[in-house]
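K.L.:
using only what follows, build the 3D model:
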Amino acid sequence: MEEHDNEEFQEVYNEYIELTNELLEDFDVLMVAAVMSTIGLSLYRTALSEEDYHKVVDAMYDLKNDITTIEKGYLH
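P.N.:
Alright, predicted model coming up:
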C-alpha cells in the first residue's frame, strides 16, 4: 500500500471504529457484526470480479484462526 493509501486506510479505519463503538452502545454486538460483515462482503462483491471475490472469501476463511478478540466494550 502506498503511503497515501495507508493514511486513507487509517482515516477510514478510525472513523469506522468510532461508528462501531457508537452502535455498540445501543445494539447487540452480534447484530453489529452481522451488518458489518454483510456490508463488507457486498462491497467486495460489487468491486471485484467473481474470481477475485472468491479469492477474498477463501482468504478470509483460511485466516479465520488469525482473527483476534476484542475486549468487551472497547474497540481501538
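K.L.:
which regions of the protein sit below the pLDDT cut-off?
P.N.:
Scanning the chain for pLDDT under 70 picks out the ranges 1-4, 72-76.
K.L.:
residue ranges for the helices of it, please.
P.N.:
Secondary structure of the chain (DSSP state H): helices located at 3-26, 29-47, 50-62.
K.L.:
those into a markdown table, with extra columns for distance to residue 70 and mean neighbour count?
P.N.:
All C-beta atoms are positioned from the backbone trio N, CA, C, and that covers glycine. Shown next, in a markdown table, are the helices of the chain (distance: least, C-beta to C-beta, whole Å; neighbours: other C-beta atoms under 10 Å):
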| stretch | distance to residue 70 | mean neighbour count |
| --- | --- | --- |
| helix 3-26 | 10 | 11 |
| helix 29-47 | 9 | 12 |
| helix 50-62 | 17 | 11 |
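K.L.:
just send these back as JSON lines, with distance to residue 69 too.
P.N.:
Listed next are the helices of the chain as JSON lines, based on distance: least, C-beta to C-beta, whole Å:
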{"stretch": "helix 3-26", "distance to residue 69": "14"}
{"stretch": "helix 29-47", "distance to residue 69": "11"}
{"stretch": "helix 50-62", "distance to residue 69": "17"}
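K.L.:
need the nearest residue in space to residue 41, chain neighbours excluded.
P.N.:
Nearest non-adjacent residue to residue 41, counting by C-beta to C-beta, 6 or more residues apart in numbering: residue 57, 7.4 Å away.
K.L.:
isn't that neighbour right next to residue 45, touching?
P.N.:
No: Residue 57 is not in contact with residue 45 according to C-beta atoms under 8 Å; the separation is 9.1 Å.
K.L.:
residue 24 touches residue 32, doesn't it?
P.N.:
Yes: using C-beta under 8 Å, residue 24 is in contact with residue 32, at 5.9 Å.
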